[in-house]
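K.L.:
can't give you the sequence, but here's the structure:
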């Protein structure tokens, strides 16, 4: 009878260790997901703010353009505003790439792959 209670005790301790290990792993995964979720949220909010700041002026100008007479559209100030807003839109696409590279490790890894062969080739040439 004593042997049964010891084996029962050992199996219950093993079970408790297994449950504790599962809880520990679950908490670690949950913590990692929270960090990933926070990083994705920051990236998304940054992209939305960049969109509003860099594309918004162009959209406003396009909207206002429909109400302007043709002689105003050839005015120097309007042409400058059009060029500046177009530049801001182009800047938005460039900053998206930089933002992805800065915040996403997997994106950086994928972007390095095409250049590895080129860099190896150049290293062999100069050695």
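P.N.:
Yep, it's here. Worth saying up front: this structure is predicted, and the values here are computed from it rather than measured.
K.L.:
Mind jotting down where the helices sit in the protein?
P.N.:
All helices of the chain, identified by DSSP state H, fall at 2-65, 70-73, 76-103, 105-126.
K.L.:
For residue 54, give me its contacts.
P.N.:
Listed by C-beta atoms under 8 Å, 6 or more residues apart in numbering, the contact set of residue 54 reads 88-89, 91-92, 95. From N, CA and C alone the C-beta is placed, and that goes for glycine too.
K.L.:
at 7 Å instead, please
P.N.:
When contacts are counted by C-beta atoms under 7 Å, 6 or more residues apart in numbering, residue 54 touches 88-89, 91-92.
K.L.:
Count the residues that sit near residue 83.
P.N.:
10 (other C-beta atoms under 10 Å).
K.L.:
which residues of this structure score low on pLDDT?
P.N.:
The chain contains residues with pLDDT under 70 at 1-30, 36, 117-127.
K.L.:
go with 90
P.N.:
When residues are selected by pLDDT under 90, those of the chain lie in 1-56, 58-79, 81-82, 89-90, 92-127.
K.L.:
Please look at residue 103 and residue 43 and confirm they touch.
P.N.:
Yes - under the criterion of C-beta atoms under 7 Å, residue 103 lies in contact with residue 43, with a separation of 4.9 Å.
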